[in-house]
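Participant: Turn this into a structure:
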Amino acid sequence: MNQRQKTRLNVIETGVKMLDSSLVVGTWGNISARVPDEDLIAITPSGMNYDELVAEDIVLVDLEGNVVDGLRKPSIEVPMHVAIYQNRLDIQAICHTHSVFATAMAAARKPIPGAVEDLVQIVGGDVRVCEYALPGSKELGQNVIKALEGRHAVLLANHGMLGAGRDLNEALKICQVVEKAAQITIFAKVLGGVVELSQEDIDFMRDFYLNAYGQR
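Facilitator: So this is what the prediction gives:
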């Protein structure tokens, strides 16, 4: 199996997991990943059910957003994905979700504070809200890049959230952790407010996640 086929199948597998985790409903949201050793991105097609996709449905585009391989129309958010990959060489995979609590924060245009340890470890700090722009627009991509600086997740104003990682597993995990942190933030506000972690502690935990966490 070549790298293109393997990446396509990994995108499909991630889509099913994303659906099973209730991070999306129906056909909304999108997923992409770099194809190893090629300047190509594998991205989900527009408006198709995640649990019905086959490898040939996943579209390959270049870093300018041009379709290189695939018969389907790619996600409307190709400009956003391409902009991130062009500007962040550390990012290898992206999951964009419309999960309930994160999207509630995005609709309120309120950032998720750096108050939960697993959030700051995997994201790098708080989760900012990017400025609003219409879905599918190049402007949205540029707004996302700004809000994603130094982070691995961003809230899309009035839209949803996006997690970007070193592989698809990490990108999906980021979305799951952000959704949990959004729910915790909303509950904490009911209890009287959120107490954020210090920048020193955030930096320590981020370094721990990158260099010591898990099996080495």
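
Participant: so where's this protein shaky on pLDDT?
Facilitator: 214-216 (pLDDT under 70).

Participant: how about the helices of it, start to end?
Facilitator: 3-20, 78-87, 100-108, 117-123, 138-147, 168-190, 199-211 (DSSP state H).

Participant: how far out from the middle of the chain is the third one?
Facilitator: Read that as helix 100-108. Put simply, helix 100-108 sits 15 Å off its chain's centre (Cα atoms, centre = their mean, to the nearest Å).

Participant: export it as PDB, just CAs?
Facilitator: Written as PDB, here are the backbone C-alpha positions of helix 100-108 (Å, rounded to 0.1, in the frame of the first residue of the first chain):
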ATOM      1  CA  VAL A 100     -21.500  21.500  21.000                       C
ATOM      2  CA  PHE A 101     -19.500  23.100  23.900                       C
ATOM      3  CA  ALA A 102     -16.600  24.300  21.800                       C
ATOM      4  CA  THR A 103     -19.000  25.800  19.300                       C
ATOM      5  CA  ALA A 104     -21.000  27.400  22.100                       C
ATOM      6  CA  MET A 105     -17.800  29.200  23.100                       C
ATOM      7  CA  ALA A 106     -17.200  30.100  19.400                       C
ATOM      8  CA  ALA A 107     -20.700  31.500  19.100                       C
ATOM      9  CA  ALA A 108     -20.200  33.600  22.200                       C
END
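
Participant: Give me the helices and strands touching that helix, please.
Facilitator: Applying 3 or more Cβ pairs under 8 Å, 6 or more residues apart in numbering; DSSP states H and E, one finds that helix 100-108 makes contact with strand 153-156, strand 160-165, helix 168-190. Where C-beta positions appear, they are placed from N, C-alpha and C, glycine not excepted.
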